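1. have a look; sequence and predicted model below, questions after that.
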Amino acid sequence: MFGGLLAFGHSVASFATPESLFWVALSTFVGIVIGALPGLTATMGLTLMTTMTLKLEPNLALLILICTYVGAIYGGSRSAILLNIPGTPANAAACIDGHQLARQGLAGQAMGIATSGSVLGTLIGMLFLAWFTPLLGEMALKFGAYEFFWLALFGVVISGTLTGTDPLKGWIAGTAGLFIAGIGQEAQFAYERFAFGNRDLAGGIALVPALVGAFGLAELLVSIKERQGTVAISPFDSVLPRLRDIAAYWRTIARSGVIGTFCGIIPGVGEDVGAWSSYAAAKRASKEPEKFGKGSVEGLMAAETGDNACVPGAVIPVLTLAIPGSAPAAVLLAAMLIHGVRPGPLIMVEAPQFVYDVVAMMLFASLGILFYGLTLTRFMIRVLQVPKTIIVPIILVLCTIGTFALAGRLFDVYVMVAFGILGFVLRSFNYPMAPLVLGIVLGDLLEKNLRRGLVLSDGDLAPFFTRPISAVLCTIIALVVLFRFEWMRRLAARLAPRRRTAA
Amino acid sequence: MTNASPRADLVQSAAWIALGLAIVAGALQMDRMERFGAKLYMAPGLVPGVLGGAIALLGSVLLVRSVRRGALATLGQPWWPAAAARATLARAGLAIALTLLYTLVLVGHGLPFWLVTIGFVFVFLLVFDLPERQAAGQVVRGVVIAALVAVATSAIVTLLFERVFLVRMP
């Protein structure tokens, strides 16, 4: 315990130099800007920064990358709140209540909540990173193909149930997303599915262009269609994080921090699932679930705490297992290898100080987002004061070039446009975008693990239902779906009095 | 007819069922890779087929729900939207047309990115922003603002991506 604290103190002291602090300030700012710009994701930001930090010494380069990572995940909340466009996929959950608050003229408060949630989420995740790295690494190993399959399905079902007003349409959108993820060559035989001879389509539909289209372009088209005026901003709306919000929702913060961290630990799950899962858990536990989706402070706090807590969480399997917890963490893993760091189960034996260095990097990153959260917020609010007719073409240009910049190919731009128009049509008919996008994110995970599980059991479906964690996840999914049907609720209500009578 | 009306749901459900069945049909026609020793559960079409079936099933649930909510009784009502709805659809259609022109025709087909971006933003603002300024008697101001925003957007975006993010522009 004290050894760990001493090592942590040593790491903090080693980064408390003017040069390190300059890089913290710059990289966090760059991260926030990248995260806030629609079309630029944390993954892309980290990739760009990796190429720009090759010449720096490893600890400084990784400090920059982690500050960019944390900054980008936090920065995405700015555009989620102000424009209803998540800057990164992780901030999709923040759109729901964050933008509703902004529409009510509470953009400043919403951003204060996002700041406090993100800082506290990062700090909670940081504590787990410091204290439970080996333990949680072991736990992540217990998840097999069967569990991952159910986790992927769980994410889509929960998202379909909780976003939008019609769960049935949410599930349809989610299932369509899972299907879209399977377009192109499959992994086992490289067989082209639904590519129709198109070489680009055979490579699959990239996530980011689809996200930018479904969330970015579709929202722009809705904005133009609906002739929305500028959002009224209250001059009395404080941009400072409110202590009473933190005090009132400390349980939500703690719960979301833990959920976000655990989502980060699960390999491949990532910040978006952390945010959605935290949001879902907060809605279930809330005393005011009816406010969710209509500008709930608790919902926004949960989403932003969950996604930022996921960042340190996603680094835990990188350090202990050399397995990335999310897409940006995969870039971080690559950067560590480039800089000669050997992450893996032996890291606590071979380089324990490095683990505490990473913990200290998280601390500096959280201080960075706190600083910019307090100083950049009013600047961000001004975005809302510009007429939407001016904002729309500017963001559309950013969506186009941001999408093109991912791989330098026009096909991604076409995908963005296709998903934008599809998203616009689906939104017009009450289909939520989040499950569609979550389906695209989790589709690959679902298919790979379903097929892997079937190969492992030689086609036997039993392990999907009999393994303890699988059984729990399967039961939860079944209950979530069944309880959306009236006949099931009536049956449950009929059974409940009988049980009481029997008792 | 609202977009969430039972009749709209009925039409959508038919589309989802058709899509789901088309996916199932496509999945069934896929190579099962049996010559490589693959078993049925390893076939490339398994997952898309199951998902296609799920889409068709969920579409069927939507169909049953819309019928229960009285979709069939409203089939005889007029399908053409009201004047206000037509106006919003026209705005959306115009925005989609400009977007398609910019992304599919102009960007990446010979013309410099900065130039097509200036043109796109300027025209977009003239189409959507100018009418409101015209109503307020600010036509010249509107045109000047459109030109300034177009030039500034093109310059900043091009510099940011080309010089800072080192992106090869389309």
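-> Yep, it's here.
2. any idea how far residue A:178 is from the residue nearest to residue A:170 when sequence neighbours are not counted?
-> For residue A:170, ignoring the flanking residues on the chain, the nearest one in space by Cβ to Cβ, 6 or more residues apart in numbering or on different chains is residue A:160 at 3.1 Å. Where you see a C-beta, it was placed from the backbone N, CA and C, and this is true even at glycine. Distance of residue A:160 to residue A:178, computed by Cβ to Cβ, to the nearest Å: 11 Å.
3. with residue B:111 instead?
-> For residue B:111, the distance to residue A:178 - Cβ to Cβ - is 39 Å.
4. do the same with residue A:265
-> In this view, residue A:265 and residue A:178 are 24 Å apart by Cβ to Cβ.
5. picking that back up, which one of residue B:111 and residue A:178 has more residues nearby?
-> Using other Cβ atoms under 10 Å in any protein chain shown as the criterion, residue B:111 and residue A:178 rank with residue A:178 on top: 29 against 14.
6. element containing that one, please.
-> helix A:167-181 (DSSP states H and E).
7. show me what that helix is packed against.
-> Where contact means 3 or more Cβ pairs under 8 Å, 6 or more residues apart in numbering or on different chains; DSSP states H and E, helix A:167-181 is packed against helix A:145-162, helix A:433-456, helix B:46-68.
8. could you give the mean pLDDT of it?
-> Helix A:167-181 comes out with an average pLDDT of 93.
9. now stretch A:259-274
-> On average, stretch A:259-274 scores 79.
10. and it, end to end?
-> One end of stretch A:259-274 to the other measures 7 Å (Cα to Cα, to the nearest Å).
11. show the contacting residues for residue B:153.
-> The contact partners of residue B:153, taken as Cβ atoms under 8 Å, 6 or more residues apart in numbering or on different chains, are A:393-394, A:397, B:117-118, B:121.
12. buried set for the helix or strand hosting it?
-> Secondary structure assigned from DSSP H and E places residue B:153 in helix B:139-159. Using 16 or more other Cβ atoms under 10 Å in any protein chain shown as the test for burial, helix B:139-159 gives B:142-143, B:145-146, B:149-150, B:153-154, B:157-158.
13. nearest to residue A:301, of the residues you listed?
-> residue B:157 (33.5 Å; Cβ to Cβ).
14. how much space between that closest one and chain A?
-> Plainly put, residue B:157 is 6 Å away from chain A if you go by Cβ to the nearest Cβ, to the nearest Å.
15. any figure for the gap between residue A:271 and residue A:243?
-> From residue A:271 to residue A:243 the distance is 26 Å (Cβ to Cβ).
16. so residue B:150 touches residue B:126, yeah?
-> No - Residue B:150 is beyond contact range of residue B:126, at 9.6 Å (criterion: Cβ atoms under 8 Å).
17. got the residues of the stretch 101-250 of chain A near chain B?
-> Within the stretch 101-250 of chain A, the residues that sit near chain B (Cβ under 8 Å from any Cβ of the partner chain) are A:166, A:168-169, A:171-172, A:175-176, A:178-179, A:182, A:186, A:188-189, A:191, A:193-194, A:217, A:220-221, A:224-227.
18. and if we set it to 6 Å?
-> Taking Cβ under 6 Å from any Cβ of the partner chain as the contact definition, the stretch 101-250 of chain A meets chain B at A:168, A:171-172, A:175, A:178-179, A:182, A:186, A:189, A:191, A:193, A:221, A:224-225.
19. buried ones among those residues?
-> Buried members of these, counted by 16+ other Cβ under 10 Å: A:168, A:171-172, A:175, A:178-179, A:182, A:186, A:191, A:193, A:221, A:224-225.
20. let's have these in a markdown table, adding distance to residue B:97.
-> Listed next are these as a markdown table, based on distance: Cβ to Cβ, whole Å:
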| residue | distance to residue B:97 |
| --- | --- |
| A:168 | 32 |
| A:171 | 33 |
| A:172 | 28 |
| A:175 | 31 |
| A:178 | 32 |
| A:179 | 29 |
| A:182 | 32 |
| A:186 | 36 |
| A:191 | 37 |
| A:193 | 32 |
| A:221 | 11 |
| A:224 | 12 |
| A:225 | 13 |
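21. just to revisit the earlier point, what's the closest of the helices and strands packed on helix A:167-181 to residue A:67?
-> Short answer: helix A:433-456, nearest of the helices and strands packed on helix A:167-181 by Cβ to Cβ, at 24.7 Å.
22. avg pLDDT for the helix or strand that that closest one is followed by?
-> Heading C-terminal from helix A:433-456, the first helix or strand you meet, by DSSP H and E, is helix A:462-466. Here helix A:462-466 scores 93 as its mean pLDDT.
23. again with stretch A:333-342
-> 79.
24. and the residue of the stretch 201-350 of chain A nearest chain B?
-> residue A:225 (3.9 Å; Cβ to the nearest Cβ).
25. list the contacts of that residue.
-> B:88, B:91-92 (Cβ atoms under 6 Å, 6 or more residues apart in numbering or on different chains).
26. so what's it closest to, chain neighbours aside?
-> residue B:92 (3.9 Å).
27. count of neighbours near the one you found?
-> With other Cβ under 10 Å as criterion, residue B:92 counts 20.
28. show me how far the helix or strand harbouring it is from its chain's centre.
-> Assigned by DSSP H and E, residue B:92 belongs to helix B:83-100. Counting by Cα atoms, centre = their mean, to the nearest Å, helix B:83-100 is centred 12 Å from the centre of its parent chain.
29. circling back to that earlier point, for residue A:415, which of the helices and strands packed on helix A:167-181 is the nearest?
-> helix A:433-456 (10.7 Å).
30. near chain B, which residues of the stretch 351-500 of chain A show up?
-> For the stretch 351-500 of chain A, the contact set with chain B under Cβ under 6 Å from any Cβ comprises A:389-390, A:393-394, A:397, A:400-401, A:404-405, A:408, A:410, A:413, A:417, A:428-430, A:447, A:454, A:459.
31. list only those of those residues flagged as buried.
-> A:389-390, A:393-394, A:397, A:400-401, A:404-405, A:410, A:413, A:417, A:428-430, A:447, A:454.
32. and stretch A:62-73, does that touch chain B?
-> No - on the criterion Cβ under 6 Å from any Cβ, stretch A:62-73 is out of touch with chain B, staying 12.7 Å away.
33. could I have that stretch exported to CSV, CA atoms only?
-> This file holds the C-alpha atoms of stretch A:62-73, laid out as CSV (Å, rounded to 0.1, in the frame of the first residue of the first chain):
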residue,chain,number,x,y,z
LEU,A,62,2.9,8.4,-23.6
LEU,A,63,2.0,11.4,-21.4
ILE,A,64,1.0,13.3,-24.5
LEU,A,65,-1.0,10.3,-25.9
ILE,A,66,-2.8,9.7,-22.6
CYS,A,67,-3.7,13.4,-22.3
THR,A,68,-4.9,13.4,-25.9
TYR,A,69,-7.0,10.3,-25.2
VAL,A,70,-8.6,11.7,-22.0
GLY,A,71,-9.0,15.1,-23.6
ALA,A,72,-10.7,13.7,-26.7
ILE,A,73,-13.2,11.6,-24.8
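34. burial check on residue 83, number of neighbours?
-> No chain was given, so I picked chain A. Counted with other Cβ under 10 Å, residue A:83 comes out at 27.
35. that's the wrong chain, I meant chain B
-> 7.
36. shaky segments in the stretch 401-503 of chain A?
-> Applying pLDDT under 70 to the stretch 401-503 of chain A flags the ranges A:406, A:434, A:441, A:497-503.
37. and with 80 instead?
-> Residue ranges of the stretch 401-503 of chain A with pLDDT under 80: A:402-403, A:405-407, A:433-435, A:437-438, A:440-442, A:445, A:485-489, A:492, A:494-503.
38. quick check: residues of chain B near chain A?
-> So chain B meets chain A at B:3-4, B:12, B:33, B:41, B:44, B:47-48, B:51, B:54-55, B:58, B:62, B:88, B:91-92, B:95, B:103, B:108, B:117, B:121, B:124, B:128-129, B:149, B:153, B:157, B:161, B:165, B:167-168, B:170 (Cβ under 6 Å from any Cβ).
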